[in-house]
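1. Need the 3D shape of this:
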Amino acid sequence: MKKDKHVAFKAIAKWYRFTDSEVQQIIYDGAVEMPRKPYPAVDGIKKTMELYDSAQMRRFKPEDFYDDSFMKELDESGFIDRLYSQPQR
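-> Numbering: from 1, shown residues only. As a prediction, the model looks like this:
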């Protein structure tokens, strides 16, 4: 998505069925702003727990609501860094 705009537009058309180039551009622009390493949004989970504070909620830690083991494995293996360091077509 971040490496080849043409391929990204083709994927958007295929998977989301958005063929209008303006809509595709909006989706693409949003995706470009996403982090390369999509770890869980821990700060968002903490904020949600804060907003819904209760005795029941206080029994949990933010880590109880996500599993970042797959992302850690990908990151530690160097896969994501290699993905973005390969030359574009």
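
2. what's in contact with the host helix or strand of Tyr28?
-> According to DSSP states H and E, Tyr28 maps onto helix 21-32. Under the criterion Cβ atoms under 8 Å, 6 or more residues apart in numbering, residues 1-2, 5, 8-9, 12-13, 16, 18 lie in contact with helix 21-32. C-betas here are computed from N, CA, C, even on glycine.

3. next SSE after it?
-> Scanning onward from helix 21-32 (DSSP H and E), the first element met is helix 42-51.

4. Buried residues of that next one, list them for me.
-> 45, 49 (16 or more other Cβ atoms under 10 Å).

5. which phi and psi does the residue in the chain sticking out farthest from the centre have?
-> Centroid-distance maximum for the chain: Ala55 at 31.2 Å, with Cα atoms, centre = their mean. The phi/psi pair for Ala55 (degrees, to the nearest 10) reads phi -60, psi -40.

6. and what of Pro40?
-> phi -60, psi 150.

7. doesn't Tyr66 make contact with it?
-> Yes: look at Pro40 against Tyr66 with Cβ atoms under 8 Å: they come within range, at 3.9 Å.

8. that older thread, only alpha carbons, please: show the helix holding Tyr28 as PDB.
-> Taking C-alpha atoms only, helix 21-32 is exported to PDB below (Å, rounded to 0.1, in the frame of the first residue of the first chain):
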ATOM      1  CA  SER A  21     -10.100   7.600  -8.500                       C
ATOM      2  CA  GLU A  22     -11.000  10.400  -6.000                       C
ATOM      3  CA  VAL A  23     -12.300   7.900  -3.500                       C
ATOM      4  CA  GLN A  24      -9.200   5.700  -4.000                       C
ATOM      5  CA  GLN A  25      -7.000   8.700  -3.400                       C
ATOM      6  CA  ILE A  26      -8.800   9.500  -0.100                       C
ATOM      7  CA  ILE A  27      -8.300   5.900   1.000                       C
ATOM      8  CA  TYR A  28      -4.700   5.900  -0.100                       C
ATOM      9  CA  ASP A  29      -4.000   9.200   1.700                       C
ATOM     10  CA  GLY A  30      -5.400   7.800   4.900                       C
ATOM     11  CA  ALA A  31      -3.300   4.600   4.600                       C
ATOM     12  CA  VAL A  32      -0.100   6.500   3.900                       C
END
